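Asker: give me a 3D structure for the following:
(chains A and B)
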There are 2 protein chains.
Amino acid sequence: MSTLQVDYPPTERTRVKRSHERGRYDRESVHAILDAGLMCHVGYVLDGQPYVTPTAYWREGEHVYWHGSSASRMLRHLKERPRVCFTVALMDGLVLARSGFHSSVNYRSVMAFGLAEVIADPAAKLAALEAMMERIVPGRWPSLKPPTVQELKATTVVSLQLEEVVAKVRSGPPIDEPEDYALDVWAGVVPTTIALGRPESDPDLKPGIAVPENLSRIRIG
Amino acid sequence: MSTLQVDYPPTERTRVKRSHERGRYDRESVHAILDAGLMCHVGYVLDGQPYVTPTAYWREGEHVYWHGSSASRMLRHLKERPRVCFTVALMDGLVLARSGFHSSVNYRSVMAFGLAEVIADPAAKLAALEAMMERIVPGRWPSLKPPTVQELKATTVVSLQLEEVVAKVRSGPPIDEPEDYALDVWAGVVPTTIALGRPESDPDLKPGIAVPENLSRIRIG
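Answerer: Below is the predicted model of the structure:
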């Protein structure tokens, strides 16, 4: 992992000041984390009040995308091209140090700032929704009923350009005070991952339909 | 799960309007989700810009807590008792419908609004940090080196009262358009959980220290 490459020049908002060795400003690091995650948290401000909405997202090139009902508060607001903070955090483990103070969490995160843009063009919207499904279950889209004009209207797709963005990564064992390594305390990491369970067929599934092979291609985390 | 009990009266911000059947305003539902999660996303506003910071949290009674370096931007800002949005989202599964439109995610989430309060009293702060470790690894705290006065000073603990709060839950199979159940498309749920891996001892662990039994008591998700 390169810590020297800078594709996204740090700003006052994205420069990692404490634990600055955790910061990454290169495209490869940012894209890798974004492509591993599935849920983001989008922050926006309405009448001075912050809102944080969890939602699924995907990345294409230098944009991240999310979507939702055109009737939702968040998405109605996002039509006004507001400033947002887009955050993805993947927990990789519990870091159990010899003191509470140095105990921590291993994680990979991305934080991006910018103006949210609604995708208005129906063809672009349709392509974006296909890309979303391709992210979740590669190869599933062609098997689905295509969206109707009404469904497309009822769906708002929003994008944010990756421009003012930073990745942060903490990995590896705890780092304790030098004198604490002599303590009789176990220390180490308990790894955490997102596990996929066995697919549960819809109880109302039409008889004779097998679980598709492409479900084995889902990757999260 | 009770959908009738209302312990946290809904406000303009917390009332679930679309898919209102997913909303829960009872203490039992809210506490259960908060006690299952480990990472929250805290939203706050600085100079009109929203920030969303992922961090570990814990709950005690009718408060949630999080902590961090007293030097961090978020925690310096939170000393000014600002309005925050505290969000926890647990992904429970990919809901694969017969159309993209009805595809979804199963999840449990909590969103809480209010004024963040810094815990100033050192004894209360110490008790809060013990409660945090008890949440992560029950029984681990007494084995650790106790925090020094300096470490306590360097740590800011913040709390938010559970007052304006809502839980949202989506569970179960996809809900497709009635006519779509006849399609030759597999539909169902791919469950997702947070899996704990085998503990990895610190390479610099003092020889002869065994992995403690209490690690088996960690519960996330």
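
Asker: what packs against the helix ranked longest in chain A?
Answerer: Ranked by number of residues, the top helix in chain A under DSSP state H is helix A:122-136. Packed against helix A:122-136 by the contact rule (3 or more CB pairs under 8 Å, 6 or more residues apart in numbering or on different chains; DSSP states H and E) you find strand A:49-60, strand A:63-69, helix A:149-154, strand A:155-161. Every residue, glycine included, has its C-beta placed from N, CA and C.

Asker: could I get the ones you listed as a markdown table with mean neighbour count, distance to residue B:84 and mean pLDDT?
Answerer: Shown next, in a markdown table, are the helices and strands packed on helix A:122-136 (neighbours: other CB atoms under 10 Å in any protein chain shown; distance: least, CB to CB, whole Å; pLDDT from 0 to 100):
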| stretch | mean neighbour count | distance to residue B:84 | mean pLDDT |
| --- | --- | --- | --- |
| strand A:49-60 | 21 | 6 | 96 |
| strand A:63-69 | 21 | 22 | 92 |
| helix A:149-154 | 13 | 31 | 92 |
| strand A:155-161 | 22 | 22 | 95 |
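
Asker: rewinding a little: list the buried ones in the longest helix of chain A?
Answerer: A:125-126, A:128-130, A:132-133, A:135-136 (16 or more other CB atoms under 10 Å in any protein chain shown).

Asker: what's the burial count for the spatially closest residue to residue A:5 that is not a sequence neighbour?
Answerer: Spatial nearest neighbour of residue A:5, excluding adjacent residues (CB to CB, 6 or more residues apart in numbering or on different chains): residue A:26 at 3.7 Å. Residue A:26: 17 surrounding residues under other CB atoms under 10 Å in any protein chain shown.

Asker: gap between residue A:26 and chain B?
Answerer: 21 Å (CB to the nearest CB, to the nearest Å).

Asker: backbone dihedrals for that residue, both of them.
Answerer: Note on residue A:26: its backbone torsions stand at phi -100, psi 150 [degrees, to the nearest 10].

Asker: that one is in contact with residue A:10, isn't it?
Answerer: No: counting by CB atoms under 8 Å, residue A:26 stays clear of residue A:10, with 11.4 Å between them.

Asker: what about the lowest-mean-pLDDT helix or strand in chain A, distance to the chain center?
Answerer: Lowest mean confidence among the helices and strands of chain A (mean pLDDT, DSSP states H and E): helix A:73-78, at a mean of 77. Distance, stretch centre to chain centre, for helix A:73-78: 19 Å (CA atoms, centre = their mean, to the nearest Å).

Asker: so which bits of that helix are buried?
Answerer: A:73-75, A:77-78.

Asker: same check, this time on stretch A:109-119
Answerer: Applying a neighbour-count criterion of 16+ other CB under 10 Å, one finds A:109-114, A:116-117, A:119 buried in stretch A:109-119.

Asker: quick one: the strands in chain A, in order.
Answerer: With DSSP state E, the ranges of strands along chain A come out as A:23-24, A:39-46, A:49-60, A:63-69, A:83-96, A:104-115, A:117-118, A:155-161, A:164-170, A:188-196, A:200-201.

Asker: contacts made by the fourth one with the rest, please.
Answerer: In other words, strand A:63-69. Residues outside strand A:63-69 that contact it (CB atoms under 8 Å, 6 or more residues apart in numbering or on different chains): A:34, A:40, A:42, A:55-59, A:74-75, A:86, A:112, A:119, A:128-129, A:131-132, A:154-162, B:18.

Asker: same thing but at 6 Å, please
Answerer: A:55, A:57-58, A:75, A:128, A:155, A:157-161, B:18 (CB atoms under 6 Å, 6 or more residues apart in numbering or on different chains).

Asker: could you do the second one as well?
Answerer: Residues from elsewhere that reach strand A:39-46 (CB under 6 Å, 6+ apart): A:50-54, A:56-57, A:77, A:82, A:84-88, B:41, B:43, B:45, B:50, B:52, B:91.

Asker: what about 7 Å?
Answerer: Outside of strand A:39-46, the residues within contact range by CB atoms under 7 Å, 6 or more residues apart in numbering or on different chains are A:50-57, A:66, A:74, A:77, A:82, A:84-88, B:41, B:43, B:45, B:48, B:50-52, B:87, B:89, B:91.

Asker: repeat for the first one
Answerer: For strand A:23-24, the surrounding residues in contact (CB under 7 Å, 6+ apart) are A:3, A:16, A:30, A:166-169.

Asker: which of those ranks first by neighbour count?
Answerer: Counting neighbours by other CB under 10 Å, residue A:167 leads the contacts of strand A:23-24 with 27 neighbours.

Asker: circling back: redo the buried residues of helix A:73-78 as a markdown table? Include distance to residue A:146.
Answerer: Formatted as a markdown table, the buried residues of helix A:73-78 follow (distance: CB to CB, whole Å):
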| residue | distance to residue A:146 |
| --- | --- |
| A:73 | 28 |
| A:74 | 26 |
| A:75 | 22 |
| A:77 | 29 |
| A:78 | 25 |
